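> model this:
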Amino acid sequence: MSAQKLHAGAGANLQTFNAVKSFSSTPARNDAASGGSSTQDEEMIYTGGLTSQIKVLKLFSLTTSAIGLGVQPLVFTKFLVKYGSGATVGIFSALAFFTAVTPIMIHYIAKKYITELYYNNSTQTYKAITYSFLLGRVEVRIQN
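Residues are numbered from 1 along each chain as shown. So this is what the prediction gives:
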């Protein structure tokens with residue numbers, strides 16, 4: 001497909017996209033496995049350039065937070081013996097806050113990022129793919 005044809009098709013699709021009347025969100029599923037044939041009519045019109053970076057960032061953030069929260073009780077007891085309860089509770093409250101808030105903040109920012117966008121000409125609908133908090137694919141269907 002030529003770049004001019006893709007650009008012309010995207011412009012027409014963008015005008016249709018601006019006239020959207022309804023949205024629906026569902027977890028992504030494999031239509032071929034479920035017997036549906038809707039993927040045959042769908043044309044991919046956009047692929048996010050930062051998809052792999054966002055996936056790696058979210059995976060890294062979730063992994064380090066899980067490790068941090070898992071190790072925290074062991075380190076907490078050693079700090080408690082060495083520094084006393086006041087300093088230990090203060091330090092670990094701040095660490096627990098940032099360990100838990102970082103993946104939530106990253107998800108809040110990245111949940112709006114569309115990794116793939118499909119257009120189904122027969123039903124005049126769009127399907128946007130985004131990532132959930134735990135990196136599952138979420139379909140957002142947009143109907144005219």
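> domain ranges for this protein?
20-31+39-48+114-144, 49-112 (automatic domain parsing).
> Throw these into CSV and include mean pLDDT and mean neighbour count, thanks.
For every residue, glycine as well, the C-beta is placed using N, CA and C. Below are the domains of the chain laid out as CSV (pLDDT from 0 to 100; neighbours: other C-beta atoms under 10 Å):
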stretch, mean pLDDT, mean neighbour count
domain 20-31+39-48+114-144, 84, 14
domain 49-112, 93, 13
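> contacts for stretch 75-84 next, please.
87-88, 91-92 (C-beta atoms under 8 Å, 6 or more residues apart in numbering).
> in helices, which of those residues fall?
87-88, 91-92 (DSSP state H).
> from those residues, pick the one nearest Lys127.
Phe92 (44.1 Å; C-beta to C-beta).
> wait, what's in contact with Lys55?
Contacts for Lys55 were tallied using C-beta under 8 Å, 6+ apart; they are 131, 135.
> secondary structure element for it?
helix 51-83 (DSSP states H and E).
> how far does that helix sit from the chain's center?
Mean C-alpha position of helix 51-83 versus that of the full chain (C-alpha atoms, centre = their mean, to the nearest Å) differs by 20 Å.
> how close does Gln124 get to Ala94?
To Ala94, Gln124 is 51 Å away according to C-beta to C-beta, to the nearest Å.
> strands along this protein, start to end?
For the chain, the strands defined by DSSP state E occupy 22-27, 42-47, 116-120, 125-131, 137-143.
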